[in-house]
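Enquirer: whatever this is, show me its structure:
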Amino acid sequence: MQHGIGQNGGLGTSMGLEKAKSLLRVRSELTFLDVIVRQFLHLRETVAPKLGLLFMNSFSTSYDTVAALSNYPQLGDLKQLELMQNKVPKIDAKSLAPIDWPPNPSLEWCPPGHGDIYPSLLGSELLDQMLNEGKNFLFVSNSDNLGATLDLRLLDLFARSNAPFLMEVTARTAADRKGGHLARRNSDQRLLLRESAQCRAEDLVTFQNIERYRYFNTNNLWIRLDALRVELDRGDGLLPLPLICNEKTVDPRDKSTPKVLQLETAMGAAIECFEAAGAIEVPRSRFSPVKTTSDLLGIRSDAYELDQEFSLVLRPERNGVPPIVKLDDNYKVVDQFEELVASSVPSLIRCRSLTVNGKIQFEGGVEVIGDVKFVSRGDNTKRVPSGVYQDCETVL
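Expert: Predicted structure coming up:
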C-alpha cells in the first residue's frame, strides 16, 4: 500500500503571492491543486483504490487550500488530507534575534522549509498511523511540479529494491544551473544534496558546472516509512538535515522592510541520512516546476500539454527540452505577468529561448521560433502584433 504527499506550504512570495502557489491558474481555468486532485482521483479510480493523499500545508496556506479542496466532495473528510507544518520565527539579520514587526505580527513567522515534513509526520502521529494501517511506501513531491505523478512502475522498482530512500534525478540543462545537485560525501560515499544557498560565492561557478555535476534533484522522493521511523528514533525525533539560511525582507512584498534570515531545511537532503539510499534518473517529463513567472509562461504555453491522466508534460516535439523563458523584473509578480498574457499566451512549441525586456503585451496569434527577444523602451506598454517571430530581436 502507498501514500502520496504534495508539499504545499509555500506562498510563492517571490512571485508576489499571498496565497498558496498551488492555487495559481495553470491550464485554462484549472489550478495546480485542481490538476493534482484529478491526477489522484484518476489513479484511485483506475488502479489504486486504497491510495492516500496528503497536502503538507503551512499556517499561511491551510485555509485557502482546504477551501479549494471543498470543491471535490469525493475526497471525503478534508481534515484527513492535511499535514500541518510547524512554524519558526524569522531572524533579524542585524541583531540575530527573532524579528519584531508590529505592523503585521503574522509576518514574524515562516515555515521551516519542506524538510520539516519528517518531524511533522512524527509529531502529528500520521507516521505511526500509516504504519499501523499497513502503508509501507510514501511518495512526496512539490505541488508546483505537475509532472510528478505517482508512477506505479517506479513504485514497483522502489519496492523491489529494498532501498530506504530513492530520489528521482534528471540531467541538468542550462536552465537548471541554480538547482540543487546530487553529489557524494567524501567521508562515507553517501549520496547528498547540495543546494545553491549552501554554496559559497566563490564556488558558484563550479556549482553551476552542469558537466561536472550532471544530475539535479526533482524533489520527487520515495520513502520507506519503516526506515524513516528508525532514523527518526535514532535522531530523537529529527533527521540531521543541513540548515539553509535564506536572506529576505520581513514583508516579502516590500523590499524596503528590514532584512531577515529564514532558516530552512530541504526534504531531499534526507538522502544522506539513509544508508543504501539511491537515486534514479527519470525523464524530464517528471519535472515541470514553477518557481518564477518565467516558468509559468512556459507551462501555460503549447510547449506543454495536459494528458488524459492529468499529467503536465512537454510535447513530444520538444524532445525533453523545455523552452528557456527570461522575463525581466516588470513581470516578477503574478499580477504584472497576467497583464503580459491578458490577450493570449504566445506559441512556444518551436521556441529555444524567449526574452522579454520592457513593458509589452502579447496579442493573439504570436508564434516564437528559435531564439527571440522582445524589447520595449519607455513606460508605456507596447503590443506585440500577431505573427511569426523567428531568431530575431524585435524592438517595439
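Enquirer: ok, and the closest non-adjacent residue to P242?
Expert: Closest residue in space to P242, ignoring its immediate chain neighbours: A269 at 5.8 Å, by CB to CB, 6 or more residues apart in numbering. Backbone N, C-alpha and C define where each C-beta goes, glycine included.
Enquirer: on the three-state scheme, the one you found is what?
Expert: Assigned by DSSP: H, G, I helix; E, B strand; the rest coil, the conformation of A269 is helix.
Enquirer: measure it to A171 for me?
Expert: From A269 across to A171, the span is 21 Å (CB to CB, to the nearest Å).
Enquirer: who has more neighbours out of the two?
Expert: Using other CB atoms under 10 Å, the more surrounded residue of A269 and A171 is A269, with 24 against 14.
Enquirer: what sits against that one?
Expert: Neighbour list for A269: 115, 192-193, 195, 241-242 [criterion: CB atoms under 8 Å, 6 or more residues apart in numbering].
Enquirer: L127: which of these is nearest?
Expert: L127 has its nearest neighbour among the contacts of A269 in G115, at 15.1 Å by CB to CB.
Enquirer: quick check: the closest one is in a helix.
Expert: Yes - the assignment for G115 by three-state DSSP puts it in a helix.
Enquirer: what about it, how many residues nearby?
Expert: Residues near G115, counting by other CB under 10 Å: 22.
Enquirer: got the contact list for it?
Expert: Neighbour list for G115: 239, 241, 264-267, 269-270 [criterion: CB under 8 Å, 6+ apart].
Enquirer: make CSV out of those residues and add pLDDT and distance to G76.
Expert: Shown next, in CSV, are these (pLDDT from 0 to 100; distance: CB to CB, whole Å):
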residue, pLDDT, distance to G76
L239, 96, 31
L241, 95, 33
E264, 93, 32
T265, 93, 31
A266, 92, 31
M267, 95, 26
A269, 95, 33
A270, 97, 29
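Enquirer: just the pLDDT for L225.
Expert: Listed pLDDT for L225 reads 97.
Enquirer: quick one: it and N219, what's the gap?
Expert: Distance from L225 to N219, counting by CB to CB: 18 Å.
Enquirer: more crowded one of those two?
Expert: N219 (23 against 19).
Enquirer: could you look up the SS state of the more buried one?
Expert: N219 is classified as strand under three-state DSSP.
Enquirer: who does the closest residue in space to it that isn't next to it in sequence bridge with?
Expert: Of all residues not flanking N219 in the chain, N142 sits nearest, at 5.0 Å (CB to CB, 6+ apart). Assessed by DSSP bridges, N142 has beta-bridge partners Q7.
Enquirer: ok, so of the contacts of G115, who is nearest L43?
Expert: The closest of the contacts of G115, once distances to L43 are taken by CB to CB, is M267, at 21.9 Å.
Enquirer: run through the residues that contact that closest one.
Expert: 7, 113-115, 117-118, 140, 219, 221.
Enquirer: again, only using 6 Å
Expert: Counting by CB atoms under 6 Å, 6 or more residues apart in numbering, M267 touches 114-115, 117.
Enquirer: and it, how far from T218?
Expert: In terms of CB to CB, M267 sits 12 Å off from T218.
Enquirer: shared neighbours of these two, anything?
Expert: Common contacts of M267 and T218 (CB under 6 Å, 6+ apart): none found.
Enquirer: which parts of the stretch 151-300 of the chain are helices?
Expert: 152-161, 204-207, 225-234, 293-300 (DSSP state H, counting those that start in this stretch).
Enquirer: using CSV, write out every CA atom in the third one.
Expert: Once side chains and other backbone atoms are set aside, the C-alpha atoms of helix 225-234 remain, and they are given as CSV (Å, rounded to 0.1, in the frame of the first residue of the first chain):
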residue,chain,number,x,y,z
LEU,A,225,8.1,4.5,6.2
ASP,A,226,9.5,1.9,8.5
ALA,A,227,13.1,3.0,7.6
LEU,A,228,12.1,6.6,8.2
ARG,A,229,10.7,5.7,11.7
VAL,A,230,14.1,4.0,12.5
GLU,A,231,16.1,7.1,11.5
LEU,A,232,13.7,9.5,13.4
ASP,A,233,14.1,7.3,16.5
ARG,A,234,17.9,7.5,16.1
